[in-house]
Every structure is written in structure tokens, then in C-alpha cells.
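Student: next come a sequence and a model predicted from it.
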Amino acid sequence: MDQQELSTYRKIYETVKMIPAGKVATYGQIARIVGGCTAIMVGYAMAGVSDPAIPWQRVINSRGGISIKDQSGYSLQKALLESEGVVFDQSDKVDLSIFGWQGPELQLF
DNA sequence: ATGTTGACCGACT
DNA sequence: GAGTCGGCCAACA
């Protein structure tokens, strides 16, 4: 992993840290905000995270669902989000029009 | 080096 | 809604 990749990963983590509690963002959204990386890179970055300061659970897929295949990881993420006030519907999906993070621009206001 | 998979996305049928 | 495809790129065998 060279310096450019480390920089990109740092940006990913910085961006994820900006997501407020009770809100969620999608992999593609993070990738667009960071720039120069793709959604699946964000997924890899989240999988390898060890820093508890990073709210990795607030990153979900574009359909508002959890993408973790591991069952325990899946239920853990869902539980963490529900404890923050995020609501899942009958299909285990989050309504992004309600809980979706609008991006870092919103925080300037 | 090559092929496959993946906590993915978007467009298309 | 479901299934397919191409694209992106890191990790792994």
C-alpha cells in the first residue's frame, strides 16, 4: 500500500467520521465525496477498520440495506443503528429520504 | 502474472 | 421487482 492509497483511505475514514449519529450514508456516496475511489474500496476500508472512533455501521448500500454477509456482523450493524434511532422497515431497509446523510455541505449550515 | 471475489453502483432488459 | 452486465479496484489464491 503506497502513500496515495493511504491518503485515500484516510479521506474515507475522515468522511465516515462526519456522518452524524442517527444518519446513514451509502458506499457510493462516500466514494463520490472522497473522490478518486470507488464504492467497493469503501467497503474494503470498512471491513478492515479497527478504530472504534469510526462509525462504520453508518455506511450501508445504495438500497438502504446492510451488505454484510456474515450473519453476526449483519445483526450487529443493525442493532447499532437501531440504538442510534435509525428505523428499519419490514424488509430490513432504511428509508434514505429520512435517515440518509446529505453530505458534509449540510454541516456548514 | 492471471482469475475470481467482494460490507458496491448504475444502467438496462 | 428480479436478473444481467460492465465498470471500478483491492485482496487473495
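Tutor: Yep, it's here. A quick note: this is a predicted structure, and the numbers were derived from the prediction, not measured.
Student: contacts for the biggest helix by length in chain A?
Tutor: Counting by DSSP state H, the longest helix found in chain A is helix A:3-18. By CB atoms under 8 Å, 6 or more residues apart in numbering, the residues outside helix A:3-18 that reach it are A:25, A:30, A:33-37, A:41-42, A:45-46, A:49, A:51, A:53-56, A:58-59, A:104, A:107. Any C-beta I mention is one placed from the backbone N, CA and C, and that applies to glycine too.
Student: equivalent analysis for stretch A:52-59, please.
Tutor: Contact with stretch A:52-59 is made by A:13, A:16-17, A:19, A:21, A:23-27, A:30, A:42, A:46, A:49, A:76-77, A:80-81, A:84, A:101, as judged by CB under 8 Å, 6+ apart.
Student: so how do I select the buried members of these in PyMOL?
Tutor: The following PyMOL line selects those of those that are buried, judged by 16 or more other CB atoms under 10 Å:
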select buried, chain A and resi 13+16+19+23+24+25+26+27+30+42+46+49+77+81+84+101
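Student: out of the contacts of stretch A:52-59, which are inside strands?
Tutor: Mapping the contacts of stretch A:52-59 onto strands (DSSP state E) picks out A:Ala25, A:Thr26.
Student: next one: the longest helix of chain A to chain centre, how far?
Tutor: 13 Å (CA atoms, centre = their mean, to the nearest Å).
Student: now do stretch A:84-94
Tutor: 15 Å.
Student: let's test this: mean pLDDT of it, rounded?
Tutor: The average of the pLDDT scores along stretch A:84-94 is 91.
Student: and that stretch, how far apart are its ends?
Tutor: Stretch A:84-94 has its terminal residues 13 Å apart, counting by CA to CA, to the nearest Å.
Student: so which bits of it are buried?
Tutor: A:Glu84, A:Val86, A:Phe88, A:Val94.
Student: now do the contacts for A:Ile98.
Tutor: By CB under 8 Å, 6+ apart, the residues touching A:Ile98 are A:Val87.
Student: mark which of the contacts of helix A:3-18 are buried, thanks.
Tutor: Using 16+ other CB under 10 Å as the burial test, the contacts of helix A:3-18 include A:25, A:30, A:33-34, A:37, A:41-42, A:45-46, A:49, A:54-56, A:58-59 as buried.
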